[in-house]
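Asker: Fold the following and give me the result.
(chains A, B and C)
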Amino acid sequence: MNFKLPKNERLHAEKLIKELFNEGSSFFLYPFKVLFIQKNEVKHQPNQVLFSVSKKKIKRATGRNFIKRRLREAYRLNKHLLAADGIIVGLIFVGKAEMSFAEIQPKMIQVLEKLNLDLSQKPFSP
RNA sequence: CGUGCAAGUCGGCUUGUCGCUGUCCUGAAAACUAUCAGGAGAGAGGAAAGUCCGGGCAACAUAGAGCGCCAUACUUCCUAACGGGAAGGAUUUCUGUUGGUGACGACAGGAAGACAGACAGGGCCACAGAAACAAACCGCCAAUCGACUUUGUCGGUGGGUAAGGGUGAAAAGGUGGGGUAAGAGCCCACCGUCCGAAUGGUGACAUUCGGGGCUAGGCAAACCUUAUGGGUUGAAAGAUCAAAUAGGCCCCGGGCAAAGAGCUGCUCGUUCGAUUUCUGCUUCGGCAGGAUUCCGGGGUGGGUAGAUCGAUGGACCCCGAUCGCGAGGUCGGGGCUAGAUAAAUGACAGGUAUCGCUCAAUUCUUUGAGAGAAACAGAACCCGGCUUACAGACUUGCACUUUUU
RNA sequence: GGUCGGUUCGUCUAGGGGUUAGGACGUAUCCCUUUCACGGAUAAAACACGGGUUCGAUUCCCGUACCGACUA
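Answerer: Sure, this is the predicted structure:
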């Protein structure tokens, strides 16, 4: 099983990020706000994911780095739950305190399962 | 041994699995960039932080001078530079000893500070107080006039007077003596202060001698003056390469003869044209070329997304010698030590060092087990400082307490 | 990343060295009214924090914390 997370599976293009925030669908699942959009022109290509932690919620840069690393780790170990189909996902951490990996991982699994369900219900996204 | 203060050093170590970002090597595919697999080796700090100063670097600007604005301000030195640092000076203050009737001084040790200028100028100094810069409210004093209970007291007049009172943060040099109607640097000695000279010191300044009677309240961290420095903007600076789409320009081919083009958000309307126009030839029927407009193709310039450089070998680090009180300088040898860009150092499972807590054993200070604690904090072009945050460990020096000798 | 500005009652603000820190809305009490509202009177309530300059600091200077604006 592929546990890698190279650069082409992380979202870094400014145009796609703007599109995600302006036109993507979203839902809350504490401690995350999840944004997602499915692009037809990049179908059957690897999914791209973006992690973000608010400066308002976590004041110290050290704490933000820890959260982002744990999010990345949780996604890396569980990304097989989501079919690779050109899905762009934004994971925004909205919790107030730092969380350990043992707390984050079950939440990440819930998020990916819910995302899979939503996408299968409406297969044709704009 | 313990506690406190100051200075300095360090800021856990390690095994396995799965991952992230550069570098090098090998292989695959490809031959412009770029991709994949495997291996080796590297991968946050003392403050990376705050962005408070200084410099490198880059672009732009730039005749000279002045005004303005900002910053700095004892001296000498260090440095690429600094508002940083070192050494020193004076001042203030604290402690101890000591001299003097006193004002005050001497010596030793410690601490502190943005420490130029208040006879360049204007300004401010609330309340209180007579008066806040050069002052007569109370008081003191002799003279003169008047009254009375006549050698004194009271009141008036024009004067003298800064010793005393009270107010205030601050009241016009201070102490002691002489002097006087009372007083006053009015006079003397000393202390302070100012001016000049000599000596010592690179200098800030110090010491000694002589003189002035003293003319000088505070605020410049308010305006200001003097001296010195500052061109502006910051790596998202700047340089190079460069898709797709839509414009610009050039070339080629084709269509058409008014079908159109411009103004306008759109309609109406309006302008140009409507014998399309211009040039040449002409047998006057037209023909050729160009312009305008539409369609298609090709090229080219700027430039967006994006990519590369800038950008990590440097005022670098370690060791030794040498010069200097020191900050630091010079010489020699060795080393290469993050380079990301929606932004890399992580996750999980153990072992171990440190710290106390609980339980058990025990030769009574050790052993074993258990559950914990472990700070401040994340490079963003790079350096030199400053400031702020910080669990704990170690080294050195000083002070104090207790015990033993 | 860089450059600037601000912090005053619960809220919005004035004051830029001088001792009661002012105003509006809000809050509380009383009056008015049969009652409520309106109106009137009174009261409580603040200079972000730590140093420094000064006789004296909300004001001037330095540092810290927090908030905001601009810059592509």
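
Asker: Ramachandran angles for the most centrally placed residue in chain A?
Answerer: In chain A, the centroid-proximal residue (CA atoms, centre = their mean) is A:Leu91; its distance is 3.7 Å. Dihedral angles of A:Leu91 (phi, psi; degrees, to the nearest 10) stand at phi -110, psi 110.

Asker: The one 5 residues further on too?
Answerer: Note on A:Lys96: its backbone torsions stand at phi -100, psi -30 [degrees, to the nearest 10].

Asker: ok, now the one 10 residues further on?
Answerer: Main-chain dihedrals, A:Pro106, degrees, to the nearest 10: phi -60, psi -40.

Asker: Against RNA strand B, how distant is it?
Answerer: Noted for A:Pro106: a distance of 13 Å to RNA strand B, by CB to the nearest atom of the strand, to the nearest Å. Just so you know, the C-beta spots here come from the backbone N, C-alpha and C atoms, and that holds for glycine as well.

Asker: Next: A:Gln45.
Answerer: Counting by CB to the nearest atom of the strand - A:Gln45 and RNA strand B are separated by 13 Å.
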